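Undergrad: Mind folding the following:
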Amino acid sequence: MTNDDLIIQRLRYGDTKEFGQLINRYGPGLMTFVGRLVEQQEDAEDVVQNTFVAAYEHLKDYDPQKASLATWLQRIAYHEALYHLRRRKRQVLLPLNVGKDVPDELPESTTAEQLDEAIQKLPPEDQMLLQLYYFDGRSLKEIAYITGTAVNALDREISRLSSQLHRIRQRLRIILTRVNNEKR
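TA: Sure, this is the predicted structure:
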């Protein structure tokens with residue numbers, strides 16, 4: 001039994017003093033995850049706080065056989081951040097027709113700042129998938145769990161996520177190609 005499992009067990013029996021350890025251990029990582037998606041620091045803090053409140057309220061639902069505690073908390077944070085973004089109506093829809101003329105690679109002159117700006121133009125769900133896969137290094141299986149896919153549909157969901165990540169990369173290439181063409 002891991003230290004996290006012991007803490008969860010104690011929390012389930014009413015020993016709330018242990019919860020601070022989980023906040024200290026996982027809070028910074030969740031802030032980084034949420035902070036990349038939610039622009040305002042205060043909003044990111046609210047989302048992370050809501051994540052821990054929801055986690056506490058649903059401790060009975062945590063199953064270490066399905067996912068690690070970090071992945072389970074990130075799943076909750078994912079849904080809390082999406083809820084926050086939808087409430088804020090931050091989503092910007094771009095007419096990005098993905099056709100056969102999309103380059104395979106990002107333009108060579110693309111800067112990190114341009115890439116970040118291009119990512120911000122994507123819908124929140126796409127931003128979160130990029131975050132989970134590329135920045136957090138999560139596997140497609142973990143992403144399927146975090147995004148809430150049922151276990152019996154996991155293989156289909158992994159295939160769907162792989163295709164969706166491919167389309168997101170195409171959209172980013174379109175955005176960055178347009179940015180580079182506008183500079184000329």
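Undergrad: Any stretches of this protein with poor pLDDT?
TA: Under the criterion pLDDT under 70, the flagged ranges of the chain are 1, 88-106, 149-155, 183-184.
Undergrad: Torsion angles phi and psi at the spatially most central residue of it?
TA: With the centre of the chain defined as its mean C-alpha position, the nearest residue by CA atoms, centre = their mean is Met128, 3.6 Å away. Comment: the main-chain dihedrals of Met128 come out as phi -70, psi -40, following degrees, to the nearest 10.
Undergrad: Contact partners for it?
TA: 37, 78, 81-82 (CB atoms under 8 Å, 6 or more residues apart in numbering). (Each C-beta comes from the backbone N, C-alpha and C, glycine too.)
Undergrad: how close does it sit to Glu182?
TA: Going from Met128 to Glu182 by CB to CB, to the nearest Å gives 27 Å.
Undergrad: Please spell out which residues along the longest helix belonging to the chain are buried.
TA: Criterion DSSP state H: the longest helix present in the chain is helix 154-183. When neighbours are counted by 16 or more other CB atoms under 10 Å, the buried residues of helix 154-183 are found to be 157-158, 161, 164-165, 168-177, 179.
Undergrad: what does stretch 33-42 give?
TA: Using 16+ other CB under 10 Å, the residues of stretch 33-42 that count as buried are 33-38.
Undergrad: try stretch 71-90
TA: 71-82, 84-85, 90.
Undergrad: what sits up against it?
TA: Defining contact as CB under 8 Å, 6+ apart, one finds that stretch 71-90 is touched by 26, 29-30, 33-34, 37-39, 43, 46-48, 50-52, 54-55, 58, 62, 66-67, 91, 124-125, 128, 132, 136, 138, 142, 145-148.
Undergrad: how about Leu22, what does it touch?
TA: Going by CB under 8 Å, 6+ apart, Leu22 touches 4, 7, 52, 55, 69.
Undergrad: Need those residues in TSV (columns: distance to Leu115).
TA: TSV is the format used below for the contacts of Leu22 (distance: CB to CB, whole Å):
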residue	distance to Leu115
Asp4	34
Ile7	38
Phe52	31
Ala55	32
Leu69	31
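Undergrad: Appreciated, that's everything.
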